[in-house]
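Peer 1: Below are the sequence and a predicted model for it; my questions follow.
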Amino acid sequence: KEEGLTHLSEVLQQQKITIYHSTPTLYRHFVSTLSQLEKLNQIRLVVLGGEEVVRTNVDSYKEHFSEECIFVNCIGSTESSITLLYLVNQQTESTRNTVPVGYPIEETEILLLNEAGDKTDIYGEIAIRSPHVALGYWHKPNLTQIAFLPDLEFSSRRIYRTGDLGRLRPDGSLEFLGRKDFQVKIRGFRIELGEIEAAIAQHPSVRETVVIAIADIPGEKYLVAYVVATQTVASDELRHILKQKLPDYMVPASFVFLDSLPLTPNRKIDRRALPTHELHQQLLDKYVAPRTPVEEMLAQIWAQVLKVEQVGIHNNFFELGGHSLLATQILSRIRNIFKVELPLRSLFAAATVAELGHLIGQLQQQNLELISPAILPRAQNTELQLSYAQQRLWFLDQFEPNSSFYNIPITLHLQGNLNLTALEQSLQEIINRHEALRTNFITVDG
């Protein structure tokens, strides 16, 4: 459900959940739904990973969790799983904006390498020495040779060069400083900026382009594309094209059009010399004030969720830095204030205050009650889509047919007389009751 984050604290308490684990982005949106005095006292462990953890994450942990709860910042590449942990408690003082990524787990050693691949003591590229490192990249031998190195000291281990930069703190913990290449992480997704640039460059009017990630709010990043075009190109046109080729989180929030890109003396693009970009500043010029009470309330909701001073009725939600996680907050507040139910896709279709206000007005006129649709039994022999878990199993079966990996054999030793008829009837009743035990994956049109 779109309002899932709003009700998550209730579910955690009702189900007596004691461990919370998510990306920092999702965590920030979750704690923003909590009231100022709300405490989740049953949670004993908060684990964040997948992207950079900042001081505000620790501050909200101290505000909403108990004295006994431990906060863990963990980091690990896909190529090696979790490799570093840093523990925080309620007494830990946060003096810097970034939180250390900590100390290596058992059987893992962290190395810092210079450009030549030699070990350094303080600052360099983070490399992982561990027996738990991947073998390489599928069908990419050149990339594998660069990133994965044999370990000359330990034959049972391998070394993976992460491409991340780090430095050692006086207490021996590691601090993450960013990427050495043009990869970034947005909302937990690893993004290759060159892939976005290549997609933009396919437009016939685009001569040059460069994409960077900007942290406008601590812990919140968004993508900005700088474009040099041979003729006028609309931002909406580029955004529409990219949505056909790239996932939502890889579509830049804003496009800046330049006469030329700044260059270094070596004629390379100087990313540091790109003009300072305030994502919301360019939208103030086309600010149009709300005209109705509904638009005024919507503009306030957007400003609060997007953390901007004001929102005009024709400003696009996604141009303001909005994304699907923020959209769930918008829809949850709309549900509480206007008493109407909107699906998540409605904000993609009506992405301005004016359009959304018109849609809400139509729904209010219909005087629909806020009720969840009834869950009804399906008709027999209906063709159904597979769940995500079923799709995974189907794929694995195509990848390696007739595998017994997902068969779980159990031996039971029974004593006494066995009523075979009762056993057979019991098993048959279980099969009748649990549809998953009699499900067929039927291929339709390939």
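Peer 2: That came through, no problem. These numbers were taken from a predicted model, which means no experiment stands behind them.

Peer 1: where exactly do the strands run in the stretch 251-400 of the chain?
Peer 2: 254-257 (DSSP state E, counting those that start in this stretch).

Peer 1: which residues of it score low on pLDDT?
Peer 2: 266-268, 276-286, 367-373 (pLDDT under 70).

Peer 1: if you set the cut-off to 80 instead, what comes out?
Peer 2: Counting by pLDDT under 80, the stretch 251-400 of the chain contains low-confidence ranges at 263-272, 275-287, 307-309, 318-325, 348, 365-376, 378-384.

Peer 1: Per-residue pLDDT of the residue nearest to residue 57 when sequence neighbours are not counted, please?
Peer 2: Nearest-residue entry for residue 57: residue 24, 5.5 Å, with adjacent residues in sequence omitted and distances by Cβ to Cβ, 6 or more residues apart in numbering. Just so you know, the C-beta spots here come from the backbone N, C-alpha and C atoms, and that holds for glycine as well. Note for residue 24: predicted pLDDT of 85.

Peer 1: ok, and what's touching whichever strand or helix holds residue 424?
Peer 2: Assigned by DSSP states H and E, residue 424 belongs to helix 420-433. With contacts defined as Cβ atoms under 8 Å, 6 or more residues apart in numbering, helix 420-433 is touched by 437-438.

Peer 1: Let me know the average pLDDT across it.
Peer 2: 92.

Peer 1: what's the answer for stretch 36-44, then?
Peer 2: 90.

Peer 1: Same check on stretch 78-92?
Peer 2: 85.

Peer 1: try stretch 106-125
Peer 2: For stretch 106-125, the mean per-residue pLDDT is 86.

Peer 1: The residue nearest to residue 57 against residue 52, yeah?
Peer 2: Yes. Residue 24 sits in contact with residue 52 when judged by Cβ atoms under 8 Å, with a separation of 6.8 Å.

Peer 1: burial measure for residue 194, as a count.
Peer 2: Applying other Cβ atoms under 10 Å, we find 13 residues neighbouring residue 194.

Peer 1: Secondary structure element for it, which one?
Peer 2: helix 193-201.

Peer 1: For that helix, list the C-alpha coordinates in CSV.
Peer 2: Only the C-alpha atoms of helix 193-201 are listed here, as CSV (Å, rounded to 0.1, in the frame of the first residue of the first chain):
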residue,chain,number,x,y,z
LEU,A,193,26.5,8.2,-14.6
GLY,A,194,27.9,7.4,-18.0
GLU,A,195,24.9,5.2,-18.8
ILE,A,196,22.6,8.2,-18.3
GLU,A,197,24.8,10.4,-20.4
ALA,A,198,24.8,7.9,-23.2
ALA,A,199,21.0,7.7,-23.1
ILE,A,200,20.7,11.6,-23.3
ALA,A,201,23.3,11.8,-26.1
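
Peer 1: So residue 104 versus residue 121, what's the distance?
Peer 2: For residue 104, the distance to residue 121 equals 16 Å [Cβ to Cβ, to the nearest Å].
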